[in-house]
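1. need a 3D model of the following:
(4 chains)
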Number of protein chains: 2
Amino acid sequence: MPSHSAAEIALVAGTVARPALAETPFLAQARAPQTTILAEGAEIYAQGDKAQTVYQVVFGAVRVFRLLADGRRQISSFHLPGEVFGFDSSANHRFFAEAICATGVRAFRLSSDVDMSRDLLPLALRGLAKAQEHQLVLGRQSASERLAAFLLDLADRQGGLEQFDLPMSRLDIADFLGLTIETVSRTLTRFKAKGIIGLPSLRRVIVRKWGQLQQLAE
Amino acid sequence: MPSHSAAEIALVAGTVARPALAETPFLAQARAPQTTILAEGAEIYAQGDKAQTVYQVVFGAVRVFRLLADGRRQISSFHLPGEVFGFDSSANHRFFAEAICATGVRAFRLSSDVDMSRDLLPLALRGLAKAQEHQLVLGRQSASERLAAFLLDLADRQGGLEQFDLPMSRLDIADFLGLTIETVSRTLTRFKAKGIIGLPSLRRVIVRKWGQLQQLAE
DNA sequence: CGGGGGCTTGACGCACCTCAAGACAAGTGG
DNA sequence: CCACTTGTCTTGAGGTGCGTCAAGCCCCCG
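-> This next block holds a predicted model:
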């Protein structure tokens, strides 16, 4: 689990949150709810729960996923500071949401307010777009294309800096990309061997050759 | 391309359209636009087009897809009579939409009406749910699980009858399920050999053993 | 220092892809 | 009505990328 200083957290949350707020006035207007602190692995909601709340990540990271009967897992999305999740079904949740590491979230209860749906639509459309994007990755890309696209997306969402956090485990990455943990590990090692990325620690990445990474992502 | 009598078309469109209409008053209220008839393969919109219209299928079928630079294609969804599509991005389309066979669609232009977003939200959420469901299939299921789930979904959307149309080609199915055309063909042949389904013609399926098919779909 | 979870690395196998040929169906023109 | 074409689908043989199984490593923490 990566450790952050309070300053780091504030910085990340501040920079990433802004664009989301611009489109979703209710996140800013409403008397901002308290931030709830969650431990690593804590459940935010489960399959079957009633969905009447949307959440905004303040710090940390969240995974949203489904399970098959035999234990296979597909992570449908990760959520980083500033991002909003929790509207993945109209009535009952069809997914689980968990904190990946120590994480703070703000919960916005959905009243039957008329304006709510206006605020929610852009979020739903953005979620739809990301889900469809990910379909392309899962359906048609090779392991190295998947990893390259994943790293670029993460870098972008953390401000586009050359060095960024990898808050999730290799298993989480595998279950997001439709691969096994071994393939994820081997592919990252190959990227590192080619000098495309550096891995100063298990949960931290340095992008050294953006061009090659983008080329790999197709 | 399967041929329908006018009566068949009316029946299918009528039965399937109702649930959608119940949630989306604007589809019923607005002076219903003319049905546009499209030839097989006709483009409805292309990547980059402005997205200011949603469409409802009246008869026929539609595929929505993305292309990679090297020609790989991922079909993100199929749309059957009664179903609504076209809101796959907020500003510009990131996908192509084409008629799979001779198809009729009604186009609903989106004004900046306040009520529009209320009507659109349930559609967007349903689209999101289907996209996430499909992520699980693409990321974590085997070829036969994919085909079984696909056939059950198609049967369900056409009224749950034991016999139903397969409006799309094997290539379309492959590009939807993230497989090759050969794997689709082989898997269907295996289902047929096991007596799980019948294939009276290329574009028609009879489900003979629902239980086994559901079991295969996991 | 010893234990344990997460990660890496290796050897091997298999499900699916690739390449290639042939079957079938539907249309086309003589 | 029949040769011929064309596109789609099926079937086969062989290859490969990723999964599976199994050690072993590393880092953290007690």
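2. average pLDDT for stretch A:119-139?
-> Average pLDDT, stretch A:119-139: 91.
3. are it and chain B in contact anywhere?
-> Yes. Counting by C-beta under 8 Å from any C-beta of the partner chain, chain B is contacted by stretch A:119-139 at A:120-122, A:124-129, A:131-136, A:138-139. Any C-beta I mention is one placed from the backbone N, CA and C, and that applies to glycine too.
4. helix, strand, or coil at the residue sitting nearest the centre point of chain A?
-> In chain A, the centroid-proximal residue (C-alpha atoms, centre = their mean) is A:F78; its distance is 2.0 Å. The three-state assignment at A:F78 reads strand, by DSSP: H, G, I helix; E, B strand; the rest coil.
5. run through chain A and note the low-pLDDT ranges.
-> Within chain A, the segments meeting pLDDT under 70 span A:1-32, A:88-91, A:112-116.
6. and A:K130, how far is that from A:P122?
-> 13 Å (C-beta to C-beta, to the nearest Å).
7. any idea how chain A splits into domains?
-> A:6-133, A:143-217 (automatic domain parsing).
8. now render these as CSV, adding distance to DNA strand C.
-> Listed next are those as CSV, based on distance: least, C-beta to the nearest atom of the strand, whole Å:
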stretch, distance to DNA strand C
domain A:6-133, 9
domain A:143-217, 3
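9. can you check which of the ones you listed gets nearest to B:F85?
-> domain A:6-133 (11.3 Å; C-beta to C-beta).
10. close to chain B, is stretch A:182-197?
-> No. Stretch A:182-197 does not reach chain B (C-beta under 8 Å from any C-beta); its nearest approach is 12.9 Å.
11. is the longest helix along chain A anywhere near DNA strand D?
-> Scanning chain A for the longest helix, with DSSP state H as the assignment, gives helix A:114-140. No. Helix A:114-140 is not in contact with DNA strand D by C-beta under 7 Å from any atom of the strand; minimum separation 10.6 Å.
12. got the angle for that helix vs helix B:114-140?
-> For helix A:114-140 against helix B:114-140, the angle by axes from the mean of the first three to the mean of the last three C-alpha atoms, to 10 degrees is 30 degrees.
13. the following helix or strand past helix A:114-140 packs against which elements?
-> Next helix or strand after helix A:114-140 toward the C-terminus (DSSP states H and E): helix A:143-157. On a contact count with 3 or more C-beta pairs under 8 Å, 6 or more residues apart in numbering or on different chains; DSSP states H and E, helix A:143-157 meets helix A:114-140, helix A:170-177, helix A:181-193, strand A:204-207, helix A:210-216.
14. quick one: helix A:143-157 to helix A:170-177, angle?
-> 100 degrees.
15. strand partners of the helix or strand following helix A:143-157, parallel vs antiparallel please.
-> Heading C-terminal from helix A:143-157, the first helix or strand you meet, by DSSP H and E, is strand A:163-165. With DSSP bridges as the test, strand A:163-165 is paired with strand A:204-207 (antiparallel).
16. and the strand it pairs with, what's buried?
-> Across strand A:204-207, burial judged by 16 or more other C-beta atoms under 10 Å in any protein chain shown covers A:V205, A:V207.
17. tabulate the CA atom coordinates of it in CSV.
-> Listed in CSV are the C-alpha atoms of strand A:204-207, where the atom choice follows Å, rounded to 0.1, in the frame of the first residue of the first chain:
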residue,chain,number,x,y,z
ARG,A,204,5.1,3.3,-8.7
VAL,A,205,5.8,3.7,-12.4
ILE,A,206,8.1,6.1,-14.4
VAL,A,207,7.3,6.4,-18.0
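18. list the buried ones in stretch A:151-160?
-> A:L151, A:L152, A:D153, A:L154, A:A155, A:R157, A:Q158.
19. contacts for that stretch?
-> Residues from elsewhere that reach stretch A:151-160 (C-beta atoms under 8 Å, 6 or more residues apart in numbering or on different chains): A:12, A:15-16, A:80, A:83, A:161-162, A:164-166, A:197, A:205, A:207, A:213-214, A:217.
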